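> give the three-dimensional model of this entry:
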Amino acid sequence: MSFKTLDDMGDVSGKRVLVREDLNVPMDGTRVTDDTRLRAAAPTVAELSDKGAIVLVLAHFGRPKGERNPDMSLAMVTKPFSDVLGREVRFIDDCVGEAAATAIASLQPGDIALLENTRFHKGEEKNDPALVAEMAKLGDLYVNDAFSAAHRAHASTEGLAHALPAFAGRSMQAELEALQKALGEPEHPVAAVVGGAKVSTKLDVLKHLVSKVDHLIIGGGMANTFLAARGVDVGKSLCEHDLKDTALAILDAADAAGCTVHLPYDVVVSKEFKANPPTRTINVHEVEADEMILDCGPAASEAISDALKTCRTLVWNGPLGAFEIPPFDTATMALAHTAAALTKSGGLVSVAGGGDTVAAVNVAGVADDLTFISTAGGAFLEWMEGKELPGVKALER
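Residues are numbered from 1 along each chain as shown. Below is the predicted model of the structure:
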């Protein structure tokens, strides 16, 4: 995959650069509760500003469905973004039109402005060519730095890349380079850990991965569906019994592709889904009718660790148990620490992504020790499914 980056832009002094970022941050009133996305956007915006560009930041916020909604105005994000950048950010009340053009005309080289929510316009999510043309009038160059929105073909994420000279920002570049290392052209053996509640949400991921990786480690609630398909009685555990045939087909496909599938053979069970209830650690064949499987057991954890020690690449999406409730975070924390230790020793390229996985890695305190952590949710999953992401495709040379 070949795409242009900020290094290919040439002299941008005095040029108007439209930079698509993902600033869709969680807020409590006017307070940003997690500024991860603001921090991810900062390097590209600061670099362009330092090079003398007039930086015009495009972003969406919430789902206003093509209507102006003061509760979803990016005006609220302007000061928090300014605080993260450590420099002034102006707010412009639209992302198209005469008023926006007039406000932009008053900006000087190096100035940064945040334009109003792109989704206030109905044409944004429809990738309307007329809206793309209006947006393009405001800029000379386009930078897409929002990998987490790259799975959507919207006016500001895909359309603009065809209307102006287009480049990947630093955050987008880091994502694409990490993903290329992890599944595009990885060093084998490759392990994929796929966890979470339901097989149905990750069917396409599992089907795609069995032909790409050497080890597929399945955890979380979705492991129960595979265990049940193999004839294990999983008691009251979360399980999609209607997907038994699909699970068996995935296992057969893995067999045919020479991919080893790892399912837990010991598990932690309880009769109650709450913090610190009475638990038993047992063989998977010993689950009683009124018990729920809520985590992998220590032997299964150790087997995962042993498999990873033979691997050169790891892609991880989803926890191994009900990690948000102690003590059912044990296997997920152990995986995080193993992946971090192997990465630090130089033996493993580790890429983790998805909300629960990022949360788990942060709780484990190893976020800085993995090779790369993707903050993208849907885009990361679609990439793991082998799908073409429109926002990325549009940046290819």
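> contacts only, for residue 337.
Residues near residue 337 by CB atoms under 8 Å, 6 or more residues apart in numbering: 364, 366. Where you see a C-beta, it was placed from the backbone N, CA and C, and this is true even at glycine.
> do residue 126 as well
Contacts of residue 126 (CB under 8 Å, 6+ apart): residue 155.
> please renumber so the chain begins at 6
With 6 as the first residue, the last one maps to residue 131.
> ok so it is a helix residue?
No: per DSSP: H, G, I helix; E, B strand; the rest coil, residue 131 lies outside any helix segment and is coil.
> any idea how far residue 161 is from it?
According to CB to CB, to the nearest Å, residue 131 and residue 161 sit 12 Å apart.
> for residue 269, same thing?
For residue 269, the distance to residue 161 equals 43 Å [CB to CB].
> looking at those two, which is more packed in?
Under the criterion of other CB atoms under 10 Å, the comparison of residue 269 against residue 161 puts residue 161 first, with 30 against 27.
> now the helices: where do they sit in the stretch 56-205 of the chain?
80-90, 103-110, 134-141, 165-168, 175-184 (DSSP state H, counting those that start in this stretch).
> for the fourth one, buried residues please.
Buried positions in helix 165-168, judged by neighbour count with 16 or more other CB atoms under 10 Å: 165, 166, 168.
> got it, and the second one?
Within helix 103-110, the residues that qualify as buried are 105, 108, 109, counting by 16+ other CB under 10 Å.
> now it against helix 134-141, angle please.
With axes from the mean of the first three to the mean of the last three CA atoms, to 10 degrees defining the directions, helix 103-110 sits at 30 degrees from helix 134-141.
> packing partners for helix 103-110?
Contact analysis of helix 103-110 by 3 or more CB pairs under 8 Å, 6 or more residues apart in numbering; DSSP states H and E lists strand 95-97, strand 117-120 as its packing neighbours.
> ok, back up a step: of the buried residues of helix 165-168, closest to residue 143?
Nearest to residue 143 out of those is residue 165 (CB to CB; 10.1 Å).
> list the contacts for that closest one?
Taking CB under 8 Å, 6+ apart, one finds 23, 25, 63, 137, 140, 141, 144, 147, 149, 171 in contact with residue 165.
> thought the last one was touching residue 398?
By that I understand residue 171. No: the pair residue 171 / residue 398 is not scored as a contact, 11.1 Å apart, by CB atoms under 8 Å.
> which one of the two has more residues nearby?
A count of neighbours by other CB under 10 Å puts residue 171 above the other of residue 171 and residue 398, at 21 against 14.
> show me what the more buried one is bridged to.
residue 147 (DSSP bridges).
> low-confidence ranges in the stretch 6-155 of the chain?
6 (pLDDT under 70).
> select, out of the helices of the stretch 56-205 of the chain, the one closest to residue 253.
helix 175-184 (29.8 Å).
> report the buried residues of the closest one.
175, 176, 177, 178, 179, 180, 181, 183, 184.
> now swap in stretch 306-313 and tell me
Across stretch 306-313, burial judged by 16+ other CB under 10 Å covers 306, 308, 309, 310, 312, 313.
> which residues touch that stretch?
So stretch 306-313 is contacted by 196, 198, 220, 222, 265, 267, 270, 301, 319, 325, 335-336, 339-340, 343-344, 347, 353 (CB under 8 Å, 6+ apart).
> let me see the mean pLDDT of that stretch.
The pLDDT scores in stretch 306-313 average 97.
> next: stretch 343-353.
Average pLDDT, stretch 343-353: 96.
> picking that back up, possible to save the helices of the stretch 56-205 of the chain as TSV with distance to residue 69?
Compiled in TSV, the helices of the stretch 56-205 of the chain are given as follows (distance: least, CB to CB, whole Å):
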stretch	distance to residue 69
helix 80-90	13
helix 103-110	17
helix 134-141	15
helix 165-168	20
helix 175-184	24
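> looking at those, which is nearest to residue 380?
Per CB to CB, nearest to residue 380 of these: helix 175-184, 8.9 Å.
> who does that closest one touch, helix- and strand-wise?
Using 3+ CB pairs under 8 Å, 6+ apart, helix 175-184 sits against helix 41-55, strand 377-379.
> give me that answer again for 10 Å
helix 41-55, strand 146-149, strand 171-173, strand 354-358, strand 377-379, helix 383-389, helix 395-398 (3 or more CB pairs under 10 Å, 6 or more residues apart in numbering; DSSP states H and E).
> distance to residue 157 for the ones you listed - can I get that in a markdown table?
Putting the helices and strands packed on helix 175-184 into a markdown table (distance: least, CB to CB, whole Å) gives the following:
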| stretch | distance to residue 157 |
| --- | --- |
| helix 41-55 | 16 |
| strand 146-149 | 12 |
| strand 171-173 | 16 |
| strand 354-358 | 17 |
| strand 377-379 | 16 |
| helix 383-389 | 8 |
| helix 395-398 | 7 |
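> hmm, back to that, which of the contacts of residue 165 are buried?
Buried among these (16+ other CB under 10 Å): 23, 25, 63, 137, 140, 141, 144, 147, 149, 171.
> out of the helices and strands packed on helix 103-110, which one sits most buried?
Mean neighbour counts were taken over the helices and strands packed on helix 103-110 using mean count of other CB atoms under 10 Å, and the top value, a mean of 23, falls to strand 117-120.
> helices and strands around it, which ones?
Packing partners of strand 117-120 (3+ CB pairs under 10 Å, 6+ apart): strand 21-25, helix 41-55, strand 59-63, helix 80-90, strand 95-97, helix 103-110.
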